[in-house]
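Peer 1: This is a predicted model, with the sequence first.
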Amino acid sequence: MSPDFSTSPSLPTLFKGLALFTPGGDMVYCIDPDKKQRWHLQLCALLQELLDLAEPPHFLVPCYTATIDRWRDPRTQDIIQHAEAYPLVLRHQALLNAAFGTGSLTWQAVPQVAEVCDRPILERYRQQFPSLWDNHDLIVQFSGNELGAVTPAQPFNSNPFNASKPQPSTGYILRLYVAGNNAVTEGILRNLHELLERSLNQPYTLRVIDIYKNPEQAESDRITATPTLMRVHPRPVRRLVGELKEVDQLLQVFASFED
């Protein structure tokens, strides 16, 4: 029997994917069904554009990258996938699984070359690229060959966000409060991601906040139960408490966002 690799309806079955993170936890990524390009330079240039950097942050490659490849075995026709991430970004596995539709896949650690990815060495770039050490609610999919041809994508970053982050002039800023990184959380993320990809025709950013890691943020937003989905922008603030399992319920909530 062939392995069962679940994929979001919006994702191709076979593809190569690359994600590039910042030290602060922002992520830009691409999905290439043609498997013909190396996207590292484009993702660095995209970060330069989004964060208004003086130059592309090439030092992020390879230490802050994760890659996935899905192909079909020519003999058995089974779908095979290989996913790996550098140690500095392994903590973002739930986000990677949500972005690439890989369920609860465990990503393999890339052997780290100490002289390249040593934290003190990377820390030297902080003065040159200080904004990369902040989190700006960026989870963005690069979807074209030209910069600016991007579509905001889904979920999951449990790092605290810097209060002085740039805000988009249009679209939505959403927060999802969860209790821990577990199978329940991953299921909620998959459901929510599929809904947003299918039904929300506006740019958006979605920050996922673990109340155990960020209790101050949860208290500030008066979170009394999880999961809680909040619309932070545009005003007024709206929230939905519950397991977010019913697509119709979620669609109704997002329809009410259009005010």
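Peer 2: Perfect, I can see it now.
Peer 1: give me the number of residues near residue 55?
Peer 2: 10 (other C-beta atoms under 10 Å). C-beta here means a position set from N, CA and C on the backbone, and glycine is covered the same way.
Peer 1: next one: residue 125
Peer 2: With neighbours defined by other C-beta under 10 Å, the count for residue 125 comes to 16.
Peer 1: Quick check: the gap between it and residue 117.
Peer 2: 12 Å (C-beta to C-beta, to the nearest Å).
Peer 1: Next: residue 187.
Peer 2: 32 Å.
Peer 1: got it, and residue 33?
Peer 2: 29 Å.
Peer 1: So between those two, which is more surrounded?
Peer 2: residue 117 (16 against 13).
Peer 1: For residue 62, see how far away that one is.
Peer 2: Counting by C-beta to C-beta, the gap from residue 117 to residue 62 is 8 Å.
Peer 1: what touches both of the two?
Peer 2: residue 86 (C-beta atoms under 8 Å, 6 or more residues apart in numbering).
Peer 1: any chance you could map the strands in the stretch 51-200 of the chain?
Peer 2: Ranges of strands in the stretch 51-200 of the chain, per DSSP state E, counting those that start in this stretch, are 65-72, 79-85, 108-109, 139-142, 150-152, 172-178.
Peer 1: can you tell which of the ones you listed is closest to residue 99?
Peer 2: With C-beta to C-beta as the criterion, residue 99 lies closest to strand 139-142 of the strands of the stretch 51-200 of the chain, at 7.4 Å.
Peer 1: Just the CA trace of that closest one, in CSV.
Peer 2: In CSV, the C-alpha atoms belonging to strand 139-142 read as follows (Å, rounded to 0.1, in the frame of the first residue of the first chain):
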residue,chain,number,x,y,z
ILE,A,139,4.4,34.2,7.1
VAL,A,140,4.6,34.8,3.4
GLN,A,141,4.6,32.5,0.4
PHE,A,142,6.6,33.7,-2.6
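Peer 1: so where's the stretch 1-150 of the chain uncertain?
Peer 2: Low-confidence segments of the stretch 1-150 of the chain, defined by pLDDT under 70: 1-11, 35-38, 112-115, 144-150.
Peer 1: can you give me the helices in it?
Peer 2: 40-51, 93-100, 114-117, 119-123 (DSSP state H, counting those that start in this stretch).
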